[in-house]
Every structure is written in structure tokens, then in C-alpha cells.
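Participant: What would the 3D arrangement of this be:
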Amino acid sequence: MKISDILVRDAVILDLAAREKRDVLAEMAKALASAEPGLDEVRLLDVLVEREKLQSTGIGEAVAIPHGKVPGLERLLASFARSRGGIDFDSIDGQPTHLFFLLVVPEHSGGQHLKALARISRFLRDASFRKRLLEAGTRDEVLRAIEEEDAKF
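Facilitator: Modelled structure (predicted):
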């Protein structure tokens with residue numbers, strides 16, 4: 001599975017307006033729902049907020065991978081957002097989060113979502129990849145970085 005195959009390009013946000021955790025989730029949910037007909041923004045936000053209540057998806061190194069299972073969804077979807085200033089996302093390292101990969105999966109996705117989460121996590125462990133995402137000036141540069149990283153694995 002390649003991340004570029006599930007990434008919804010029209011939902012990529014280069015400069016989040018949000019400054020709070022819940023607002024990040026809302027902004028990303030809105031972008032994804034706007035780009036994907038049939039995806040309910042309110043339901044998606046509810047799923048993401050409930051998942052965050054269990055444990056923060058801020059994994060450290062300026063990265064968060066908010067995710068959740070959405071009833072009625074037919075396929076895995078991913079989006080990307082960036083905050084240059086950083087946001088307090090209750091990350092495990094206590095540092096601000098700058099890079100957000102949102103992953104939503106069908107309610108009965110089996111192990112698909114775990115494979116996608118593992119792949120995204122593997123990508124983001126690479127400091128040079130994180131730097132490319134932080135420094136990308138356009139959506140196309142972000143997408144190219146993700147496609148090139150996909151090609152390595």
C-alpha cells in the first residue's frame with residue numbers, strides 16, 4: 001500500500017489556520033469531507049475527537065497521526081496538513097506538532113489501517129523527510145516528497 005494512493009490531494013493543507021488541537025481536527029475534517037463526496041464532516045470530527053480522548057496521536061518529533069474508523073466509508077483515505085508555528089497536540093515528547101497525517105479507514109478495515117499507520121510512522125521517523133515536508137513551498141512539493149518516499153519502500 002502506498003500512501004500516495006490513499007492521499008486525498010485536494011485535502012492537503014500547507015498552512016493550518018488552527019491554533020488548538022480540536023481546531024486542527026476540525027480543519028482537517030472539513031478539508032477531507034469537502035474533497036470526498038459522501039464523507040460527513042461532523043461524523044468524521046466526532047470519530048477523531050473520540051480517538052484523541054483515548055490517547056493523543058501526537059507521536060513526537062513534531063508529528064501527529066490523527067486517525068479513526070468511520071462507519072460507511074468504503075476505502076482508506078489520508079490527508080496531510082502543516083503548521084509552521086506548531087501546535088500543542090499533547091504529543092508524547094511535549095513538543096509542538098508541525099506535521100499532521102490524517103488517516104480514516106472503513107469501520108471493518110481489518111489490518112489495513114495498521115499497515116497504513118505503520119507505513120506513515122516509518123516515513124516520518126526519517127528526519128530528512130520531515131524536513132522536506134516542513135520546507136515544501138507548494139502542495140506539489142509535498143506530494144512529490146510523499147511519492148518519492150513511497151518509492152523507497
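Participant: OK, contacts around residue 18?
Facilitator: 24, 26-27, 83, 87 (Cβ atoms under 8 Å, 6 or more residues apart in numbering). Every residue, glycine included, has its C-beta placed from N, CA and C.
Participant: part of a strand, is residue 99?
Facilitator: Yes. Assessed by DSSP: H, G, I helix; E, B strand; the rest coil, residue 99 belongs to a strand.
Participant: gap between it and residue 59?
Facilitator: 10 Å (Cβ to Cβ, to the nearest Å).
Participant: Mind listing the shared neighbours of those two?
Facilitator: In contact with both residue 99 and residue 59: residue 124, using Cβ under 8 Å, 6+ apart.
Participant: Okay, buried residues for the helix or strand encompassing residue 118 please.
Facilitator: Residue 118 is located in helix 112-124, with elements delineated by DSSP states H and E. Using 16 or more other Cβ atoms under 10 Å as the test for burial, helix 112-124 gives 113, 116-117, 119-120, 123-124.
Participant: got the contact list for the residue nearest to the spatial centre of the chain?
Facilitator: Taking Cα atoms, centre = their mean, the centroid of the chain lies closest to residue 101, which sits 1.6 Å from it. Going by Cβ under 8 Å, 6+ apart, residue 101 touches 3, 63-66, 78-80, 120, 124.
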